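Asks: Fold the following for me, if possible:
(5 chains, ligands or ions: 4)
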Amino acid sequence: MADLAIRNLVKRYDKTEVLHGISLDVEDGEFVVFVGPSGCGKSTTLRLIAGLEDATQGEIVIGGRVVNNLEPKDRDIAMVFQNYAIYPHMTVRKNIGFGLRTAKMSKADKEARIDEVAGILGMTDLLARKPSQLSGGQRQRVAIGRAMVRDPAVFLFDEPLSNLDAQLRTQMRLEIKKLHQRVGNTIIFVTHDQVEAMTMADRIVIMKDGHIQQVGTPAEVYHKPANTFVAGFIGAPSMNMLSGSVSQGKLRLGSGTMLDLGLDMAEGRAVTVGVRPEDLHPGDGPALVRGPVTVREPLGHETLIYVGAEGQEVIAKADGRTPPEVGQEVTLTAAVETLHIFDAATGDALR
Amino acid sequence: MADLAIRNLVKRYDKTEVLHGISLDVEDGEFVVFVGPSGCGKSTTLRLIAGLEDATQGEIVIGGRVVNNLEPKDRDIAMVFQNYAIYPHMTVRKNIGFGLRTAKMSKADKEARIDEVAGILGMTDLLARKPSQLSGGQRQRVAIGRAMVRDPAVFLFDEPLSNLDAQLRTQMRLEIKKLHQRVGNTIIFVTHDQVEAMTMADRIVIMKDGHIQQVGTPAEVYHKPANTFVAGFIGAPSMNMLSGSVSQGKLRLGSGTMLDLGLDMAEGRAVTVGVRPEDLHPGDGPALVRGPVTVREPLGHETLIYVGAEGQEVIAKADGRTPPEVGQEVTLTAAVETLHIFDAATGDALR
Amino acid sequence: MYRNLTIRQKQIVWAWAFLAIPILFYTVIRFYPTGNAILISFQDWNLLGDRTWTGFDNYQTLFADPVFWKVFRNTFVYLLIGTPVSLIISFVIAYHLDQVRFMHGFLRMLYFLPFMTSAVAMAWVWRWFYQPVPVGLFNNALASMGIPQFPFLQSTTWALPSVLAPAVWAGLGFQVIIFMAGLRAIPRSYYEAARIDGVSWWTVLWEITLPLLKPTIVFIVVFSSIGFLRIFDHVFNMTTNNPGGPLNSTKPLVLMIYETAFSAFDMGYAAAQTVVLFLVLLVVSLIQLRILRDS
Amino acid sequence: VEIEYWQYFFDTRVEAMETLIENFEAANPDITVKMTHFPYADYRTKVAAAIPAGEGPDVVQLFYGWLNDYVAADLIQPLPSDVFPASKIDAEFFPMVQAMKEGDQYWALPTAVRSLALFYNTRLLEEAGVEPPTTLDEMIAAAKAMTKRDGAGNLTQVGMTAGMTAQDHHWWREGLVRQFGGEPYVDDYQTVNYNNEAGLEALNFYSSLFMGDDAVTSIGFMDEPQAAFKAGRAGLHIDGSFRIGSLEGQRGLNWGVTELPATADGTQSNYASYWVNAITTKAEGEKYDAAVKFMEYITGDEAMQVWLDVVGELPAKPSVGMTDENASDPVFGPFIRGLEYAHTTKFANESGQRQVMVEMVERMTLQGMSAEDSLAIAAEAEQKILDDYYKSASN
Amino acid sequence: MAVTEIRPTTDALLKTDAPKKPANMGQIIRWTLLFLGGVAMVMPIAYMISTSLKWPHEVYNLKLIPDEPHLENYTYVLEDGRFYWWFLNSMIIAVITTVCNVIFDSLVGYTLCKFRFPGRYIVFIAILSTLMIPTEMLVIPWYLMSQQFGWLDTYWGIMFPGLMTAFGTFLMKQFFETVPDDFIEAARIDGLNELQIWWTVAMPLVKPALAALAIFVFLGNWTAFIWPLIVTNSVEMYTLPVGLSSFGDEADVAWELIMTGAAISTIPTLIVFLIFQRYIIQGVVMAGLKG
Ligand SMILES: Nc1ncnc2c1ncn2[C@@H]1O[C@H](COP(=O)(O)OP(=O)(O)OP(=O)(O)O)[C@@H](O)[C@H]1O
Ligand SMILES: Nc1ncnc2c1ncn2[C@@H]1O[C@H](COP(=O)(O)OP(=O)(O)OP(=O)(O)O)[C@@H](O)[C@H]1O
Ligand SMILES: [Mg+2]
Ligand SMILES: [Mg+2]
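Replies: Ligands and ions are numbered 1, 2, ... in the order given. All right, here's what the predicted structure looks like:
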């Protein structure tokens, strides 16, 4: 059993409270990604789970046991750090074997286990090397190997990829994903990169300022963001936010367009309409935005266009081969079902 | 006049030659991006242009003057570094003003110039701060400001965005782009991120191992890559490469599919067929690849699927809402006109 | 002319311009006198008279002098006891001090104070501590417990360790600071990873902390070795009347040099001794660097 | 003209010399004397480093034991015989000054001399009920009476101080060895002559003070002999006249001085030393003339009395020293009387030769070597120092 | 829900065997031992101060608290006009030497670290090798040299041997390794000459290192003895340690005065230490001591 639960977790450093009572249930074998802007408390949560810090309040339960008072080593977890924390003076073999030092196994069994893990990670040839002779990706793999070798119930990853360059990052995230599919342990993965979150997670936990904003599958948080924060955070480029108000049961936008969304809301209520760049494109539908193209960013198969309108700039996607010219006046439209409606004051999703 | 030319530039460190004679002409006001994998010589080229290193052979011409023996300060260039190189012990104002230290201007003029630049970059309020009180993006802006303040003929940027997180990177690249549209100086911009290259460049220079592989507009290098290297390097995820051979004037793929591309080539000639993931999708056309889905990466509006076939893995794009399940057998197809054909031996584009 | 140089050549010009004064300084103030001293080592010169060339006489006398060999041995005893002992003590202090928050600065100052106080005055205080009853602090304590007197400075066996102790004591603060800096530079995540792996603090100490401190240890070993090989102040001040302790049992090479030069005024002989010291320092440092850097 | 004078720093010496300079300058308005002084501990190093470099004084104060070096190195010049006729000096000064003479010229002359005497702690003597000793036997007896030990047998008060590192090596050489019938050196102090019966007896006597069951002292008691005496924890103490000044300031200490103890048959012997003034070779022309005048003044009667009054050092001429008033002075008297039978060792390397004595004793106390063996080793070692010195001085 | 409410009611807690860390006890013991060790470390210094409060006859009575503590020794030392000269001389010399070391050691360290030029390695090794040359070897030649050039009894004469040190150069070279080359190249492009770059860009970036170096150099010079003794002639030129030693004489050493002087002379070093101490560790950390 390797399910994990946190209940009303509060963490205070001296007087500043950095976690305000968060709760979460993670199932056995789930791959959960914590994502959020810098300083929102992701690492803190992870460190509480690992037992590197004491919780101020609340409970952490791993495999049905309350572990608040257990030492990290007794929690049946393993952790991979951002800077890998692999020891520069030890060979890869020793580094990986470090996690087994306290294990009650014969020496031969330990060696066999190290070889097995190295095999899984494709590092058998590198076992005799020192970390300084490894590339960034290989070091990352060693760090993972050291965590794997103990076969913990829960893996904790704290931004393990952020020291790698873009190409390697893409590759490593695929490897971790595959690894998870193979070994099936529970994984808690922290990142501030939403692409990483989207591509890896079974479920994403989006945090902000010590609160959980939304928990859901990638599809859920992308298609049904709980509030403007989540909507803006997930997806790149960010969702465009247009302000509007309810008028005669319809939605009136700044461009003057009235949309019938079948909403039942108080007359005059201020709302925010969100529309993702990939749903917004030059076309003949109801004009959400009208204005001149200010910048074009060709991405090859498509082109991002930036359109200035009503003092703000929205991003839309146009065809890659015949995008509008800079300066050209365009009308941007989107299918009504792709629009997200939020309360203008609280930011909570209304639909 | 701020055109720039390099002619047969060779750079040797002791015995290793890292640039093998590259030539390039850049027009006044052009935005040229150097892109290529790590270690290919991008930074070296930039440093030669800046005068931070001596060219072993060849000429560098800026605004019609051969500048090989001129010191950096006399070359009428400015440079922005990857880690910004803004001085932590100076305020923003002093940092920006640093570029003017040796300028023959009155103090008042200098101040005015600093204010002007700060205005352009929207940093007027931050002038009194120290760099430690700035966010990453703001620091980057200070670095740009310091370069701008001297109004050089040529701006050189060495991976200025790679220390920023994804969101900021997107934003800053837009800002630089706009800045260029406004001030119109010549810009040489180095990056190893092809998205940056694609979105910013007037022309892209793709380098590998000290050679230039291709020079062209973003559309050119995307749609008409000169060789497999360029094809694989530009576009993310990378172009899938399938091997095939010419058989009876047609192209035979590993999947057994025969494609008629109207090629006129020797029978049996081995070729490589490139197809971009965004052009490859599950469907009913001619089967380029057939195999089970191994991994799914949901990106929100679409999903990448990894399909294993014939010992290799290809990436394709599927719909974001109803992608195939992992393990499901799929057939991938693409429009014939989106296929790229390369010589299997040399890698050069045949079409 | 300068303008026509390539960038690299200009850099070289700058570099040598920057180095001009220092190179002049080192040449005139260090290398020339060194050469001079080596020259003198082949001469007979009592400082007052003429210098006469004597070839290797001074060296022959030196190697035939039993006192020299005694002193040579002492010098190495200082090195071989002093370096490890000070290394271990300062590490233990630094290791624990590093983990203490409460009044940290104050504790650190306590340990650093001896490094800042006059060596001469301190050597005398220690000398008083070592006296037999009724003066000495230590022996009074022993006497009050009914334990026999300990002949610290009056014994041929114990005089050397007794002289060494204050030398170690005085340098401890410096080494503690260096060690603390070394400890501070080890990323915390190394320890956190080890905590998660559940290894004992002993393993952490031996397999993580110490190996990662290696550069610091190399630095301290090399510099403290040079210090112990050149020990003088403490020995001189703790045994002023009988320089070098009972039957030369504490006399280090530098003291012998000092006496030869400024009591016997046998400059040539003294210079020969400095040359030997120089070679010893050189060889010891090189060996240490090699041993500690590899492996 | 200005001439420069160097001596080591000691409050009263500097004060005395300032007075002398003042008087001298008053008498010779065309001459000014600049005095420079250095810490005692490093005076020798300083002078040795400075003079050969051509730096330094026109008139310099040197310890008599260093003179040979300076003569050999041609750093000082002989005193002009017209102003300092050897015959006159021979007659007027204490005879030991003749060590400064070569042929019929003097190289240097002292203002004052010092000798040894026995200091005693009045209170301790009274407590033990003994009189100040006059013979060696009495001294041992008195010392025994004043020695105290704690329960564990550790000395807490010694009857007498001992330590070759202080003045005892002089006492042993020129005092005890001669008193036991020997002569420490022959050949004008170029040959060691104490490795014989007399030397052995002297050594046995000396070591009996601190070795064996009825030892009356221990070496290194309270670190330094004079410290023990000053602290009132030693009954007897042999020291030079220069100690007087520092004892005078000592609170709570009542002390007296008596002549060094004689043997049972009344043989007395003492050691004297002195600092001399010499003209360096640097002084030439009118500086030389001024230096000669200055020398003449500071070795004259007036200077000697000033020196005795201010510094407490004994006049180098019997005519000044042996006045009734001086000779019967309770403090200076024993020293001045001691001068009559005092000898002066000609050192080749004083600290080296002292070290030989120190080690002679250490071999016995620390290594249990017999007195004969240790004495023989010492004699050999000292002879080597002398040989090396006179060999190199001769070529 | 507060923690205190959860804990006793949770069955799971009963299964957890590890008692809550007794770490605090360990911390207290650790602190106490360190404190006692620290006190032991400063014992000799306490005796120095204690002696400075004693009358001469009490000096050899090693009581920590003098029978009649008094400040006469301090008055004596401070009223002795020479003391101010010595203090001033030491201050001037220590400060100038420190400034010189900070400038030249860092200039050389910087050059050796940031410039590529032929002979670089040789210069570095040569400078480093001077660490092995015992000072004792150089005193006589230095003296002859001073005499020849008339440096005897001058500040310059006292200072010149220590104006640059290999130790400082080595340390500074390490420090400059931490300054990214970009900073220097950026300044080059902005048109500064190399001297300006070093002074306005590189130096401010290694401030903690400079502070650490300054402390070590200052301490070293403040307590230097043999050379100042040999090179000075007049009492007015003595440095503090030399002056203090002249409180002794042929017959006797005035320990209470020497200890008083030593106590007073520790004050500036203590102040320097207190001001810069937070930089010492930071500075040494920066050096990375890569050897
Ligand atoms: N030891 C500490 N003492 C005081 N405050 C702390 C401490 N550790 C973290 N914090 C604060 O807690 C908040 C959350 O920090 P945390 O490291 O969990 O953020 P994060 O989400 O991991 O951010 P990042 O993406 O930058 O790693 C921050 O505001 C941080 O300043
Ligand atoms: N000072 C040097 N001495 C020797 N080789 C060098 C030096 N500087 C660079 N090189 C080599 O030159 C080649 C090109 O380096 P360069 O820095 O130009 O690569 P780059 O394209 O900028 O790579 P990156 O994307 O990693 O910055 C590399 O193989 C590198 O190892
Ligand atoms: Mg974090
Ligand atoms: Mg680069």
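Asks: What ranges does chain E have for its strands?
Replies: Taking DSSP state E, chain E contains no strands at all.
Asks: which regions of it lie under the pLDDT threshold?
Replies: Within chain E, the stretches with pLDDT under 70 are E:1-23, E:248-252, E:284-291.
Asks: Run a quick neighbour tally on the residue of it found nearest chain B.
Replies: In chain E, the residue that lies nearest chain B is E:G191 (3.3 Å; C-beta to the nearest C-beta). (Glycine included, C-beta is placed from N, CA and C.) Here the number of neighbours of E:G191 (other C-beta atoms under 10 Å in any protein chain shown) works out to 18.
Asks: ok, how many other residues are close to A:S135?
Replies: The local packing of A:S135 (other C-beta under 10 Å) involves 11 other residues.
Asks: any idea how far it lies from ligand 2?
Replies: For A:S135, the distance to ligand 2 equals 12 Å [C-beta to the nearest ligand atom, to the nearest Å].
Asks: With D:K101 instead?
Replies: To ligand 2, D:K101 is 79 Å away according to C-beta to the nearest ligand atom.
Asks: who's in contact with that residue?
Replies: D:K101 makes contact with D:86, D:89-90, D:107 under the criterion C-beta atoms under 8 Å, 6 or more residues apart in numbering or on different chains.
Asks: tell me which residues form a beta bridge with it?
Replies: Residues in a beta bridge with D:K101, per DSSP bridges, are D:Y106.
Asks: per-residue confidence at it?
Replies: pLDDT, D:K101: 84.
Asks: before we move on, back to that, which SS state does the residue nearest to the residue of chain E closest to chain B when sequence neighbours are not counted fall under?
Replies: Distance criterion C-beta to C-beta, 6 or more residues apart in numbering or on different chains; nearest residue to E:G191, sequence neighbours excluded, is B:K73 at 3.3 Å. When classified by DSSP: H, G, I helix; E, B strand; the rest coil, B:K73 comes out as helix.
Asks: can you pull the contacts of B:K73?
Replies: B:102, E:188-192.
Asks: now swap in E:I215 and tell me
Replies: E:I215 touches E:272-273, E:276, E:280, counting by C-beta under 8 Å, 6+ apart.
Asks: Considering those residues, which is situated nearest to chain D?
Replies: E:V272 (26.6 Å).
Asks: My understanding was that that closest one contacts E:G220; is that so?
Replies: No - the criterion here is C-beta atoms under 8 Å, and E:V272 misses it with E:G220 at 12.0 Å.
Asks: Secondary structure added to the contacts of D:K101, as TSV?
Replies: Output for the contacts of D:K101, formatted as TSV (three-state DSSP):
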residue	secondary structure
D:A86	helix
D:I89	helix
D:D90	helix
D:W107	coil
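Asks: Tally up the residues packed near A:K177, please.
Replies: Neighbour count for A:K177, taken as other C-beta under 10 Å: 20.
Asks: which helices and strands does the one helix or strand it maps to pack with?
Replies: Secondary structure assignment for A:K177, by DSSP states H and E: helix A:166-183. If contacts are counted by 3 or more C-beta pairs under 8 Å, 6 or more residues apart in numbering or on different chains; DSSP states H and E, helix A:166-183 sits against helix A:107-120, helix A:136-148, strand A:186-191, helix A:194-200, strand B:289-298.
Asks: Skipping adjacent residues, who's closest to whatever residue of the stretch 51-200 of chain D ends up closest to chain A in space?
Replies: Distances between the stretch 51-200 of chain D and chain A by C-beta to the nearest C-beta are smallest at D:T165, namely 53.1 Å. The shortest distance from D:T165 to any non-neighbouring residue, by C-beta to C-beta, 6+ apart, is to C:N241 (3.6 Å).
Asks: Pretty sure the one you found sits in a helix.
Replies: No - under the criterion used here (three-state DSSP), C:N241 is coil, not part of a helix.
Asks: any idea how far it lies from chain A?
Replies: Per C-beta to the nearest C-beta, to the nearest Å, C:N241 is found 51 Å from chain A.
Asks: Can you name the residues that contact that residue?
Replies: C:N241 is in contact with D:163, D:165-166, D:224, counting by C-beta under 8 Å, 6+ apart.
Asks: Please tell me which one of these counts the most neighbours.
Replies: Counting neighbours by other C-beta under 10 Å, D:G163 comes out on top of those with 24 neighbours.
Asks: does D:A117 sit in a helix, a strand or a coil?
Replies: strand.
Asks: Please work out how many residues are found near the closest residue in space to it that isn't next to it in sequence.
Replies: Once flanking residues are discounted, D:A117 sits nearest to D:P334: 4.3 Å by C-beta to C-beta, 6+ apart. When neighbours are defined as other C-beta under 10 Å, D:P334 has 23 of them.
Asks: Report the rounded mean pLDDT for the helix or strand D:P334 falls within.
Replies: Per DSSP H and E, D:P334 falls inside helix D:332-339. Helix D:332-339 shows a mean pLDDT of 88 in the predicted model.
Asks: So which residues on chain E come close to chain B?
Replies: Proximity of chain E to chain B (C-beta under 8 Å from any C-beta of the partner chain) is limited to residues E:180, E:182-183, E:185-192, E:196, E:201, E:204-205, E:207.
Asks: near ligand 1, from the residues you listed?
Replies: The subset of those within reach of ligand 1, by C-beta under 6 Å from any ligand atom, is empty.
Asks: Mind checking which of those are in helices?
Replies: Within the residues of chain E next to chain B, membership in helices is found for E:182-183, E:185-189, E:196, E:204-205, E:207, as judged by DSSP state H.
Asks: With neighbour count as extra columns, can I get these in CSV?
Replies: Below are those laid out as CSV (neighbours: other C-beta atoms under 10 Å in any protein chain shown):
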residue, neighbour count
E:D182, 19
E:F183, 21
E:E185, 22
E:A186, 31
E:A187, 25
E:R188, 23
E:I189, 27
E:Q196, 15
E:P204, 13
E:L205, 20
E:K207, 15
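Asks: what's the farthest-apart pair in the residues you listed?
Replies: E:I189 and E:K207 (23.9 Å; C-beta to C-beta).
Asks: On the three-state scheme, the residue of chain C found nearest ligand 2 is what?
Replies: Per C-beta to the nearest ligand atom, C:R8 is where chain C lies closest to ligand 2, at 11.6 Å. Look at C:R8: counting by three-state DSSP, its state is helix.
Asks: re the thing from before, tell me the confidence at the residue nearest to D:T165?
Replies: pLDDT, read off for C:N241, is 73.
Asks: ok, now how distant is it from E:D153?
Replies: Distance, C:N241 to E:D153, by C-beta to C-beta, to the nearest Å: 30 Å.
Asks: hang on, the earlier thing: quick check: chain neighbours aside, which residue is closest to the residue of chain C closest to ligand 2?
Replies: B:D54 (4.7 Å).
Asks: Check which helix or strand the one you found maps to.
Replies: For B:D54, there is no helix or strand it lies in under DSSP H and E.
Asks: Please name the residues that touch it.
Replies: Residues touching B:D54, when contacts are defined by C-beta under 8 Å, 6+ apart, comprise B:48, B:68, C:6-8.
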